[in-house]
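Novice: coords please:
(one chain, ligands or ions: 2)
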Amino acid sequence: MNTQLSLGEFHRFAAAHEDFLYLAPSAAVFRLDGAASAVITELERGPLPGEELVRRLAAQFPAEELAETIAELRRVRAIATPAPAATSGRPAIPKVPLTTLVLNVTNQCNLSCTYCYEYGEDKIVNTENGRQPKFMSEQTARESVDFLLDASAGIALPHLTFFGGETLLNFPVVQSTVAYARRRAAELGKDIDFSLTTNATLLRPEVIEFLVDNRIGVTISMDGPRELQDRFRVFANGAGSYDTVIPKIRELLRRHTSRPIGARVTLTSQTLDIRKIYRHLHDEIGFWEVGFAPVTTSPGREYAISGDGFDSMLGQFRDLAADFLEAALANRHHGFSNVKDTIEEIHKGMSKAYPCGAGLGLLGVATDGDLGLCHRFAGSDAHKLGDVRNGIDSLVQIGLLEKHHIDHKTDCRECWARPLCAGGCYHEAHTRYGDTSHANLHYCEWIRGWTATCLEIYGEIAVKNPEYLQQFA
Ligand code: SF4
Ligand code: SF4
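Specialist: Ligands and ions are numbered 1, 2, ... in the order given. As a prediction, this is how the structure comes out:
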């Protein structure tokens, strides 16, 4: 009982007049009662021998209750326990089957969005004069399906996602691939889930018909009202795309009602008006969900978000998250997907060794069938993990997973937000630091601020409307 006690690794937060800890080692949310709260507060002043801690709190709580509380806090590692004996130093690589294959059916696009990672100043793959074909052939797409069905053995519902460039520039291959995948999956007694990302410029009636008939999930890349959409999402002649896409999106939303349709917004320093964008896309246009991501770019670009921009983005995310909370407490839908996705991860106790599924449960396929870390790296020789004909090069994959493991990210190892962040997107890191395994330290404050907000929202919901969280069970 007289061991020296000190704090473990956690983030303490308050919600609904309750006191909580988010425990970094286990990614669990722990509600503190009065005694636990007092113990943590006392230890926040500095480490103490157990007996001294009990003596200091003896006037407020019976000794037995304090002893039980301290034991419980040690058990959940809110109070530090001696570090486990050092192991071999090599992180354990999880065995994860492939669940999602993202097919870049073309690397060409009919828009010339200034900030685009495929065409803009920060591109990785030479899509104009490189060795990759501009369009995926029907044969390569079929081989990709065979590869997915084989590599996802044991997975009840593998996902096939069509991506670009502008995906619908290769609509014939999307069509034939869906038919082929359905047939092959049925032969194996499986089902397969399809989704597609598009800039909406090519959503002709027959395309919409096809998406509806095949229940294909659709995400539209779009930046908001006309003045924001047309700032960067332009045709080659500089003309904005808003007036082209809006009638097509309205028709898609009218017809395609069997699956929620989402918008995916790229935020830049010049288009950072989150509530306005959300209201336009969700309330006025009718998207079910709207997800926001800051543009991936090297820091010198005029549209890059930095310093003050991240502060402003966080403030605006918090405002919109407050609307989300109000809706969740009233069991109403709210389409701000960033907060919903994060509270789902918190509820599931997600503790990530890697920031995302790239290279693990998710792979990208280039137009020639090369496998890449994810769709953003598809076609990059430096990030190749095999090809759909010969399968994953497991030596390359293991090397890559070892290199990218959270244990190797020195700055992240002591960060309380690591269970949800794990260093951030590889593509962002590649663009900022020239190294996919570098932690994205330029946005730590933003990540921790946003994670703290989502934890508070989670705590409020857990106390005031716990039934809401059942959808994530
Ligand atoms: S990148 Fe920053 S916020 Fe993310 S886990 Fe690492 S140190 Fe934490
Ligand atoms: S590496 Fe980045 S772009 Fe690729 S799947 Fe992960 S988060 Fe997404």
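Novice: hey, let's count contacts and neighbours off CA atoms from now on
Specialist: Noted.
Novice: so how many other residues sit close to residue 327?
Specialist: Applying other Cα atoms under 10 Å, we find 14 residues neighbouring residue 327.
Novice: wouldn't it be in contact with residue 336 here?
Specialist: No - using Cα atoms under 8 Å, residue 327 is not in contact with residue 336, being 10.7 Å away.
Novice: A strand includes residue 363, no?
Specialist: Yes - secondary structure assignment (DSSP: H, G, I helix; E, B strand; the rest coil) places residue 363 inside a strand.
Novice: So in terms of bridging, what pairs with it?
Specialist: Assessed by DSSP bridges, residue 363 has beta-bridge partners residue 101.
Novice: and the longest helix anywhere in the chain, what's its mean pLDDT?
Specialist: Determined from DSSP state H, the single longest helix within the chain is helix 307-329. Model confidence over helix 307-329, given as mean pLDDT, is 94.
Novice: Mind giving me the packing neighbours of that helix?
Specialist: If contacts are counted by 3 or more Cα pairs under 8 Å, 6 or more residues apart in numbering; DSSP states H and E, helix 307-329 sits against helix 274-278, helix 444-464.
Novice: Can you tell me what sits against whatever helix or strand comes next after it?
Specialist: Along the chain past helix 307-329, the next helix or strand (assigned with DSSP states H and E) turns out to be helix 337-347. The contact list for helix 337-347 (Cα atoms under 8 Å, 6 or more residues apart in numbering) reads 27-29, 289-292, 321, 324, 420, 451, 454-455, 457-458, 469, 472-473.
Novice: If we go by neighbour counts, what in helix 337-347 is buried?
Specialist: 337, 338, 339, 340, 342, 343, 344, 345, 346, 347 (16 or more other Cα atoms under 10 Å).
Novice: can you pull the pLDDT of the last one?
Specialist: Put plainly, it is residue 347. The score at residue 347 is 98. That number is its pLDDT.
Novice: so how far is residue 417 from it?
Specialist: Residue 347 sits 15 Å away from residue 417, going by Cα to Cα, to the nearest Å.
Novice: burial measure for the residue in the stretch 251-400 of the chain that ligand 1 sits nearest to, as a count.
Specialist: Residue of the stretch 251-400 of the chain nearest ligand 1, by Cα to the nearest ligand atom: residue 355 (8.7 Å). Neighbourhood size, residue 355 [other Cα under 10 Å]: 20.
Novice: Likewise for residue 137?
Specialist: By the criterion of other Cα under 10 Å, residue 137 has 18 neighbours.
Novice: Would you check that it makes contact with residue 173?
Specialist: Yes - with contacts counted by Cα under 8 Å, residue 137 reaches residue 173, the gap being 7.0 Å.
Novice: Give me the common contacts of those two.
Specialist: Taking Cα under 8 Å, 6+ apart as the criterion, residue 137 and residue 173 both touch residue 105.
Novice: Quick check: the residue nearest to the spatial centre of the chain vs residue 326, distance?
Specialist: When Cα atoms, centre = their mean is applied to the chain, the residue found nearest the centroid is residue 356 (6.4 Å). Going from residue 356 to residue 326 by Cα to Cα gives 29 Å.
Novice: how far out from the middle of the chain is stretch 313-324?
Specialist: 18 Å (Cα atoms, centre = their mean, to the nearest Å).
Novice: likewise stretch 8-17?
Specialist: Counting by Cα atoms, centre = their mean, stretch 8-17 is centred 23 Å from the centre of its parent chain.
Novice: Could you give me the buried positions within that stretch?
Specialist: Quick answer for stretch 8-17 (16+ other Cα under 10 Å): 8, 9, 10, 11, 12, 13, 14, 15.
Novice: tell me the pLDDT at the residue of the chain found nearest ligand 2?
Specialist: As assessed by Cα to the nearest ligand atom, ligand 2 sits closest to residue 425 within the chain, at 3.8 Å. With respect to pLDDT, residue 425 scores 95.
Novice: and the gap between it and residue 396?
Specialist: Distance from residue 425 to residue 396, by Cα to Cα: 19 Å.
Novice: higher neighbour count, the two?
Specialist: residue 425 (19 against 14).
Novice: Can you say which helix or strand has the closest residue to that one other than its chain neighbours in it?
Specialist: Nearest residue to residue 425, sequence neighbours excluded (Cα to Cα, 6 or more residues apart in numbering): residue 355, at 6.3 Å. In the assignment (DSSP H and E), residue 355 maps to no helix and no strand.
Novice: Residue 355 touches residue 424, doesn't it?
Specialist: Yes - using Cα under 8 Å, residue 355 is in contact with residue 424, at 5.3 Å.
Novice: For the stretch 101-250 of the chain, which segments count as strands?
Specialist: Per DSSP state E, counting those that start in this stretch, the stretch 101-250 of the chain carries strands over the ranges 159-163, 193-198, 217-221.
Novice: Let me know which of the ones you listed is the nearest to residue 392.
Specialist: Residue 392 lies closest to strand 159-163 among the strands of the stretch 101-250 of the chain, at 16.9 Å (Cα to Cα).
Novice: Only C-alpha atoms, please: export the closest one in PDB.
Specialist: Once non-C-alpha atoms are left out, strand 159-163 reads as follows in PDB (Å, rounded to 0.1, in the frame of the first residue of the first chain):
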ATOM      1  CA  HIS A 159     -15.900  -4.200 -50.400                       C
ATOM      2  CA  LEU A 160     -15.000  -3.100 -53.900                       C
ATOM      3  CA  THR A 161     -14.600   0.700 -54.300                       C
ATOM      4  CA  PHE A 162     -14.300   2.400 -57.700                       C
ATOM      5  CA  PHE A 163     -12.100   5.400 -57.700                       C
END
